[in-house]
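Colleague: Sequence and predicted model, in that order:
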Amino acid sequence: TTRTPGKSPVTVTVTGAAGQIGYALLFRIASGQMLGADTPVRLNLLEIPQGVAAAEGTAMELDDCAFPLLTGIDVYDDARAAFDGANVALLVGARPRGPGMERADLLEANGGIFKPQGEAINAGAADDVRVLVVGNPANTNALIAASNAPDVPKSRFTAMTRLDHNRALAQVARRAGVSVADVRRVSIWGNHSASQYPDVFHADVAGRPGAELAEDRAWLLDEFVPTVAKRGAAIIDARGSSSAASAANAAVDHVHDWVLGTPDGDWTSAGIWSDGSYGAPEGIMASFPVTSDGQEWSVVQGLEINDVSRERIDASMAELADEREAVRALGLI
Ligand code: NAD
Ligand code: LMR
């Protein structure tokens, strides 16, 4: 394999590697789309024992792509081994809601995954590890993992709301009849759930304020907000399974912008450890408008929040505080 001289490989651990999102994600990481065309990558794939054979098949296909940047692939069913030395960790594998499962059952089942994975990251990941949780309920799973990795700064753990952000960009562009490339500064607030609040009030829509679009309150509240917030369910209804390629794409975008920085004059959205900005409870994993300098995410400060937004942001943040209480009661954090 050809290696770019000078750069040592970045170790990327992907859990749920044999799943739908894993299959859409791994090839894009290995091709250089996530970390840049000059950064070699080592892949560590983590699966449960039943998923190992399929993950090994994907590893064979990755070999067969002859990606110049891919320096090695290993498949594991042991979290400690899989996270050892990880610089980037994509926590995709999660327990889906089964028939008759209550919300508390789901939180408990996922606690059984994200608690040991947080502990494994704490034990052996690289000092500069960056974690993105994709598996649902993503924000609270990220809270569980972060809470069980006491030696890793909380700023190293994030939950994915980039898919919601990209969905919002697409809906705004369609409404305004402009290219998606001309829409900037939409924001996702709160939870990656139906309570999330996609915010257009601060957007730049081909040079015009997003607030102009929002003047049509019927569009805003009866179309835009619910279309974005319930898009995941609409995809499940249409496809018979949840979004996969668009979720993988959003994970690539999230890590890309975290590592390489957000473009000047723009921002994105990510679930990060709340410092209490905009009145959110501290210590939940909540989505905010954010920028990255290539190292850390920072909340975009100073946005004016009107009454329409305030009510919805507060409700989604409150849902996250409730989820935190539920996992605290289960002894997971
Ligand atoms: P999938 O069921 O196709 O794949 C999940 C994989 O995870 C399976 O191969 C399973 O064996 C594996 N797995 C389960 N427990 C594991 C563990 N402890 N360690 C390692 N691997 C484990 O599901 P998918 O479609 O790839 O979706 C994965 C998750 O992403 C789901 O929770 C889904 O709800 C979520 N999701 C999140 C977003 C988002 O925007 N945040 C978007 C789409 C999907
Ligand atoms: C999505 O937003 O597409 C998914 O989180 C939906 C789901 O429930 O898996």
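Modeller: Arrived safely, thanks for sending. Ligands and ions are numbered 1, 2, ... in the order given.

Colleague: Just the pLDDT for residue 2.
Modeller: In this model, residue 2 is scored at 49, pLDDT.

Colleague: Oops, could you answer that again for residue 262 instead?
Modeller: At residue 262, the model reports a pLDDT of 98.

Colleague: got the residues of this protein near ligand 1?
Modeller: Within the chain, the positions lying close to ligand 1 (CB under 6 Å from any ligand atom) are 15-16, 18-22, 46-48, 51, 92-94, 96, 113, 134-136, 138, 160, 163, 192, 242-244, 247. Any C-beta I mention is one placed from the backbone N, CA and C, and that applies to glycine too.

Colleague: So which of those residues belong to helices?
Modeller: The helices, defined by DSSP state H, take in 20-22, 113, 138, 163, 247 from the residues of the chain next to ligand 1.

Colleague: ok, and which of the residues of the chain next to ligand 1 reach ligand 2?
Modeller: Restricting those to those near ligand 2 by CB under 6 Å from any ligand atom leaves 136, 163, 242-243.

Colleague: any idea which of those has the most stuff around it?
Modeller: For those, neighbours were counted by other CB atoms under 10 Å; the highest total belongs to residue 163, with 26 neighbours.

Colleague: what pairs with residue 183 across the strands?
Modeller: Listed beta-bridge partners, residue 183: residue 205 (assigned using DSSP bridges).

Colleague: from what I can see it touches residue 206, true?
Modeller: Yes - using CB atoms under 8 Å, residue 183 makes contact with residue 206 at a distance of 7.3 Å.

Colleague: Common neighbours of those two, please.
Modeller: Taking CB atoms under 8 Å, 6 or more residues apart in numbering as the criterion, residue 183 and residue 206 both touch residue 176.

Colleague: which ones are touching the residue in the stretch 51-200 of the chain that ligand 1 sits nearest to?
Modeller: Closest residue of the stretch 51-200 of the chain to ligand 1, CB to the nearest ligand atom: residue 93 (2.7 Å). Applying CB under 8 Å, 6+ apart, one finds that residue 93 lies in contact with 15-17, 19, 22, 46-48, 51, 113, 135.

Colleague: List the ones among those that fall in strands.
Modeller: Counting by DSSP state E, the contacts of residue 93 place 15, 46 in strands.

Colleague: confidence score at the residue of the stretch 1-150 of the chain found nearest ligand 2?
Modeller: With CB to the nearest ligand atom, the shortest gap between the stretch 1-150 of the chain and ligand 2 falls at residue 136, namely 5.2 Å. Looking at residue 136, its pLDDT stands at 94.

Colleague: how close does it get to residue 96?
Modeller: 8 Å (CB to CB, to the nearest Å).

Colleague: Run through the strands of the stretch 101-250 of the chain in chain order.
Modeller: With strands called from DSSP state E, counting those that start in this stretch, the stretch 101-250 of the chain shows them at 130-133, 157-159, 183-184, 187-189, 197-199, 204-205, 208-209.

Colleague: export the ones you listed to a markdown table and tack on mean neighbour count?
Modeller: Shown next, in a markdown table, are the strands of the stretch 101-250 of the chain (neighbours: other CB atoms under 10 Å):
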| stretch | mean neighbour count |
| --- | --- |
| strand 130-133 | 26 |
| strand 157-159 | 29 |
| strand 183-184 | 21 |
| strand 187-189 | 28 |
| strand 197-199 | 26 |
| strand 204-205 | 19 |
| strand 208-209 | 14 |
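
Colleague: Output these as CSV; include the columns distance to residue 228.
Modeller: Converted to CSV, those look like this (distance: least, CB to CB, whole Å):
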stretch, distance to residue 228
strand 130-133, 20
strand 157-159, 17
strand 183-184, 13
strand 187-189, 8
strand 197-199, 4
strand 204-205, 15
strand 208-209, 19
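
Colleague: In a markdown table: those strands, plus distance to residue 276 and mean pLDDT.
Modeller: A markdown table is the format used below for the strands of the stretch 101-250 of the chain (distance: least, CB to CB, whole Å; pLDDT from 0 to 100):
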| stretch | distance to residue 276 | mean pLDDT |
| --- | --- | --- |
| strand 130-133 | 21 | 98 |
| strand 157-159 | 17 | 98 |
| strand 183-184 | 26 | 98 |
| strand 187-189 | 14 | 99 |
| strand 197-199 | 18 | 98 |
| strand 204-205 | 27 | 98 |
| strand 208-209 | 28 | 98 |
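
Colleague: which one of these lies closest to residue 300?
Modeller: Nearest to residue 300 among the strands of the stretch 101-250 of the chain is strand 187-189 (7.6 Å), distances taken as CB to CB.
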